[in-house]
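Visitor: could you look at this predicted model? Sequence included:
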Amino acid sequence: MKLMSRIVLFTMGIGIGLSIVVYLISGLSIVSANGEIDLIVEAKAPTYVDVGEDYVVNLSYANVGSVGAPDNWLVVMLPAGTEFVEATYTGGEPRPPDVINGNVLTWTLTPLWAGSTWGHVLITLHTDEMLAEGASLTVEATIATSAYEPDTSNNTVTVTSYTSYMAGSMKQVHARYGMPGDVLTYTITIDLDQKAGGGNNGRFVTLTDTLPSIDQVRFMGWSSTETGTMIDGHRLQWQGQVYPGQPLQLQYRLGIEGDVPPGAVISNVAEMSWAGQQMQLGPVETAVILPDGMMSVGP
C-alpha cells in the first residue's frame, strides 16, 4: 500500500514538474513574440529644385522596436538626371557610402538597439542641366537587417522633387518667436532662373498669400515698393510679369494681437501660379512666447 502511494505521488510530481516546464516555455514564447525589431526610414527633400544645381535629401532611420537589430544597412537609389555629390552627418562631417554601384548607394550601419535614437544621412545631389522643367526626381531608400523583422512596411520610403525654373522663389518671416504686440515682417521672393530664357516677356505670375487667423494677427501694410491687394479680407494677391535673372520681392507686416496665448503658432502659406503650373511657398511659422519674467496664468 505504501509502495502504491509513493508511485502515485512520484507520478503526480513528474506531472506537476512537466506542467511547470511547459508553462515556463510558453511564457518565454510569449515574451519572444512580444519583442520585435521594427526598422523605419524617412526622407525629406525640397519639393522644387533648379536644373543644374545642387539639392539635399535628408534620410532619417531608427529601430523603434523592442529588440535590437545587430546588423543593418541603408540602400539608396538615386534618380536618373542626378549625380551624387557628397553625403554627410547633420553636423556636416563626411559620411560617404560604403559601396557605390552606379546610382545605388549603400551604407553599413552600426547596430540599432531597441528604441534607438534617429540616425541621419544628408545626401547632396546635382541635377543635370539638360533636364526639362517639370521633371520628377524620385529618391528611394530602404533599410534592412539580416535578423527576423515581422513587419517591413516602413522599411522603404520615396521622396520626389520636381525641376522648376522658379525653384529659387521663397517665403520668409524675420522671427521664429514673437510676443503679443510684436510686428512680424514677411518677405516673398519670386525668382525666375536665367536658364528659363524667354526673352523680355518672362512669365505672368499670380501670387496668393493666405494670412493667418484674424484672431492672431492684423495686417499692417506693405513695406516694399512692389505691393499687392487684399482680397476676401483675408488674402493678399499680386499679379505681374517676372523676368529671368530679375528676382522680385514683396514685403508686408503683420501685428500679433495682444491676447494670443503663449504656445500658439502663427502660420501662413503662399501659392504661385503661372501657365498652368503651381508652386507652394511655405508654410512659415512663428511661435508665440511670453516676455521674460512673465508667467502664464490659467483660467
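Guide: Nice, thanks for sending it over. Numbering: from 1, shown residues only.
Visitor: list the contacts for residue 266?
Guide: Residue 266 sits next to 178, 184, 212, 216-217, 254, 256, 260, 285-288 when contact means CB atoms under 8 Å, 6 or more residues apart in numbering. Any C-beta I mention is one placed from the backbone N, CA and C, and that applies to glycine too.
Visitor: tell me which two of these sit farthest apart.
Guide: For the contacts of residue 266, the maximum inter-member distance is 14.5 Å, found between 254 and 287 (CB to CB).
Visitor: so those two - more neighbours on which side?
Guide: More neighbours sit around residue 254 than around the other of residue 254 and residue 287, counting by other CB atoms under 10 Å; the figures are 23 against 14.
Visitor: dump the residue contacts of that one.
Guide: By CB under 8 Å, 6+ apart, the contact set of residue 254 is 183-184, 186, 211-212, 217-220, 266.
Visitor: buried by neighbour count, from these: which ones?
Guide: Neighbour counting with 16 or more other CB atoms under 10 Å marks 184, 186, 211-212, 217, 266 as buried within the contacts of residue 254.
Visitor: dump the residue contacts of residue 214.
Guide: Taking CB under 8 Å, 6+ apart as the definition, contacts of residue 214 comprise residue 234.
Visitor: again, only this time at 10 Å
Guide: With contacts taken as CB atoms under 10 Å, 6 or more residues apart in numbering, residue 214 has the following neighbours: 233-234, 257.
Visitor: just residue 98 next, same as before
Guide: With the criterion set at CB under 10 Å, 6+ apart, residue 98 makes contact with 73-74, 105-109.
Visitor: per-residue confidence for it?
Guide: Looking at residue 98, its pLDDT reads 98.
Visitor: run through the chain and note the low-pLDDT ranges.
Guide: Using pLDDT under 70 as the threshold, the predicted model of the chain has low-confidence ranges 1-34, 198-200, 292-299.
Visitor: can you list the domain ranges for it.
Guide: Taking automatic domain parsing as the domain assignment, the ranges for the chain are 39-163, 170-288.
Visitor: just the endpoints, please. Distance across the shortest one?
Guide: From its first residue to its last, domain 170-288 covers 23 Å (CA to CA, to the nearest Å).
Visitor: same deal with the longest one?
Guide: Length of domain 39-163, first residue to last, CA to CA: 31 Å.
Visitor: how far out from the middle of the chain is that domain?
Guide: With CA atoms, centre = their mean, to the nearest Å as the basis, the distance from the averaged C-alpha position of domain 39-163 to the chain average is 12 Å.
Visitor: the chain should start at 23 in everything you say after this.
Guide: From this message on, residue numbering opens at 23, which makes the last subject domain 61-185.
Visitor: could you give the number of residues near residue 84?
Guide: Neighbour count for residue 84, taken as other CB under 10 Å: 18.
Visitor: dig out what it forms beta bridges with.
Guide: Beta-bridge partners of residue 84, counted by DSSP bridges, are residue 62.
Visitor: surely it meets residue 141?
Guide: Yes. A contact is recorded between residue 84 and residue 141 when judged using CB atoms under 10 Å, the distance being 6.8 Å.
Visitor: find residues that contact each of the two.
Guide: Any residue near both residue 84 and residue 141 by CB under 10 Å, 6+ apart counts here, and that gives 63, 134, 165.
Visitor: how far away is the residue nearest the centre of the chain from residue 163?
Guide: Centrality entry for the chain: nearest residue to the mean C-alpha point is residue 66, 4.3 Å, by CA atoms, centre = their mean. Between residue 66 and residue 163 the distance is 11 Å, computed by CB to CB, to the nearest Å.
Visitor: which residues do those two both contact?
Guide: Contact criterion CB under 10 Å, 6+ apart; residues shared by residue 66 and residue 163: 79, 81-82, 179, 181.
Visitor: quick check: the farthest pair among the contacts of residue 120?
Guide: Checked with CB to CB, these reach their widest spread between 127 and 131, with 12.9 Å between them.
Visitor: identify the contacts common to those two.
Guide: Counting by CB under 10 Å, 6+ apart, the shared contacts of residue 127 and residue 131 are 96, 120, 143.
Visitor: excluding covalently adjacent residues, which one is nearest to the second one?
Guide: Spelled out, it's residue 120. Closest residue in space to residue 120, ignoring its immediate chain neighbours: residue 130 at 4.9 Å, by CB to CB, 6 or more residues apart in numbering.
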